[in-house]
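# would you be able to build a 3D model of this:
(one chain, ligands or ions: 1)
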Amino acid sequence: MTSDIKVKICGLTRPEHVRWVAEAGAAYAGFVFFPRSPRNLSLGAAREIAIEAPAGLAKVGLVVDADDAALDALMAQVPLDMLQLHGHETPARVAEVKARYGLPVMKAVGIAAAADLAQLDDYSAVADQLLVDAKPPRDAVLPGGNGLSFDWRLLAGRKYWTRPWMLAGGLTPDNVAEAVRLTGARQLDVSSGVETAPGVKDRALIRAFVAAARQTSMPQAAPRLR
Ligand SMILES: O=C(O)c1ccccc1NCC(=O)[C@H](O)[C@H](O)COP(=O)(O)O
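As a prediction, this is how the structure comes out:
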């Protein structure tokens, strides 16, 4: 039975991670290019890992306020299918990156309160996808990948944005069903929730997460009539 839920596993750091993500049935594999992150990859390491990805597994490069020189180097060395902008990139910068590299661009937006949702409308006009993520705490070292969730009820009953979007932030195999139930998300992004330590992905957790996510879109058996 097939499921229409798509999963992105972010922060892969080893070639076997790509194999685990593919075998579990995820749709996207994410690679982090942010030096302060425990998941940061050099361009050479990223290339070695990305070439392991089978056709059909989309390779997403995550950058934070990267300038053209950094993006030029990334694009020259690592085969990617999508760029994820996870910093303070403006809508104009998102449009510029999209035009310069001709790749789909996903813009991450941090949510902590209802007022933050307005930004999603601004980015809908220029990004190919939106990543609806938890806003990082003020003192956080990382702008994402902190394993923190936001109040999913903020998305309940919302009329969705004009672009495809992914839910992210603190998802785990145990809470993903509730997250889908409350938000109606059809795409899910996870990093910390499938790790045993920051940057250390776990095969069983990846499998469990994708299985739990897919379960949410399986038709439920009809109640038995007495
Ligand atoms: O993962 C990182 O180290 C990272 C560094 C800088 C910017 C973003 C980063 N991660 C973002 C993600 O992995 C996901 O897109 C998302 O935020 C989910 O993270 P998590 O809450 O850990 O599941």
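# now the residue of the chain found nearest the ligand, nearest residue through space, not along the chain?
Using C-beta to the nearest ligand atom, the point where the chain gets nearest to the ligand is residue 145, with a distance of 2.2 Å. Glycine gets a C-beta too; all of them are placed from N, C-alpha and C. Beyond its immediate neighbours in the sequence, the residue positioned closest to residue 145 (C-beta to C-beta, 6 or more residues apart in numbering) is residue 191, lying 4.7 Å away.
# so what's the residue count around the one you found?
Here the neighbour count serves as a burial measure; for residue 191 (other C-beta atoms under 10 Å) it reads 28.
# near the ligand at all, stretch 123-130?
No - taking C-beta under 6 Å from any ligand atom as the criterion, stretch 123-130 and the ligand are apart, separated by no less than 11.5 Å.
# again with stretch 164-184
Yes - Stretch 164-184 comes into contact with the ligand when judged by C-beta under 6 Å from any ligand atom, the residues involved being 168-171.
# what residues sit buried inside that stretch?
Judged by neighbour count (16 or more other C-beta atoms under 10 Å), stretch 164-184 contains these buried residues: 165-173, 176, 179-180, 182-183.
# the residue of the chain closest to the ligand against residue 36, yeah?
No - no contact is recorded between residue 145 and residue 36 when judged using C-beta atoms under 8 Å, the distance being 10.6 Å.
# which of these two has more neighbours?
A side-by-side neighbour count of residue 145 and residue 36, using other C-beta under 10 Å, places residue 145 first with 29 against 9.
# and the more buried one, helix, strand or coil?
Put simply, residue 145 is coil when judged by DSSP: H, G, I helix; E, B strand; the rest coil.
# mind jotting down where the helices sit in this protein?
Assignment of helices within the chain using DSSP state H yields the ranges 15-24, 43-50, 68-77, 91-101, 118-124, 176-183, 203-215.
# what sits against residue 186?
For residue 186, the contacting residues are 4-6, 164, 217, by C-beta atoms under 8 Å, 6 or more residues apart in numbering.
# rerun at 7 Å
If a contact means C-beta atoms under 7 Å, 6 or more residues apart in numbering, then residue 186 has 4-6 as its contacts.
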